[in-house]
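K.L.:
Give the three-dimensional model of this entry:
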Amino acid sequence: MTFPEGLIKKPRTIDVYTNAMDAARTMESWNIGSLIVTEEQRPVGVVTDRDIALTVLGKELDPEACGIRDCMNSDVVSLQETAGTSEAIDLMCRNGIRRLPVVDDAGRLVGIVASDDLVLNLAHELTELASVIRTEISQRSSKGSSIPSRLGRE
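P.N.:
Residues are numbered from 1 along each chain as shown. Have a look, this model is predicted:
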């Protein structure tokens, strides 16, 4: 199963050789709280604004001298672009994360999928399914047919 169109977004990235100050400025300019750290187009880490604050401010480091490698989480959990929503949800649940970098067969970053987007997509699909059920019930009622007892209504 693949992802519905538009569910995989363009990721915001920084190069592994970036310093903490430039990473913070990038997050500020995009109004986001995390970036995927890449090296040769492959995800090698994730850094959050909290990571930078705790590392740089907590250790009283110079943000322009502190490399992003010193702040980032290098335990990157990624998802193959051929995977589907159920695999993404499973990975997020097992790893306690809300965003997944999406990679191609060569391990190059092609996108990112977020739990918020998965929830919104699921809500849309459930709304569509509810609409089908409502239509079916309405058609049965107009024909004088009763709703099957297995649904608890007669």
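K.L.:
Flag every buried residue along the biggest helix by length in the chain.
P.N.:
Ranked by residue count and defined by DSSP state H, the top helix of the chain is helix 115-142. Within helix 115-142, the residues scored as buried using 16 or more other Cβ atoms under 10 Å are 117, 118, 121. Placement of C-beta: from N, CA and C, glycine included.
K.L.:
again with stretch 87-105
P.N.:
Applying 16+ other Cβ under 10 Å to stretch 87-105 flags 88, 89, 91, 92, 97, 99, 100, 101, 102, 103 as buried.
K.L.:
what about that stretch, how long is it end to end?
P.N.:
From its first residue to its last, stretch 87-105 covers 16 Å (Cα to Cα, to the nearest Å).
K.L.:
With stretch 2-9 instead?
P.N.:
14 Å.
K.L.:
Contacts made by that stretch with the rest, please.
P.N.:
81-85, 88, 102, 110-114, 117-118, 121 (Cβ atoms under 8 Å, 6 or more residues apart in numbering).
K.L.:
same question, stretch 104-117
P.N.:
In contact with stretch 104-117 (Cβ under 8 Å, 6+ apart) are residues 3, 7-11, 13, 36, 38, 41-43, 78-81, 88-89, 92, 98-103.
K.L.:
Quick one: mark the members of those residues that sit in strands.
P.N.:
13, 36, 38, 42, 43, 79, 80, 99, 100, 101, 102, 103 (DSSP state E).
K.L.:
Need the nearest residue in space to the third one, chain neighbours excluded.
P.N.:
What sits nearest to residue 38 in space, not counting adjacent residues and going by Cβ to Cβ, 6 or more residues apart in numbering, is residue 13, at 4.8 Å.
K.L.:
count of residues packed around that neighbour?
P.N.:
Using other Cβ atoms under 10 Å, the number of residues around residue 13 comes to 17.
K.L.:
just residue 27 next, same as before
P.N.:
19.
K.L.:
Which residues are in contact with it?
P.N.:
When contacts are taken as Cβ under 8 Å, 6+ apart, residue 27 is in contact with 12, 33, 34, 35, 49.
K.L.:
now the longest helix of the chain and strand 99-103, what's the angle there?
P.N.:
Angle of helix 115-142 versus strand 99-103, following axes from the mean of the first three to the mean of the last three Cα atoms, to 10 degrees, is 100 degrees.
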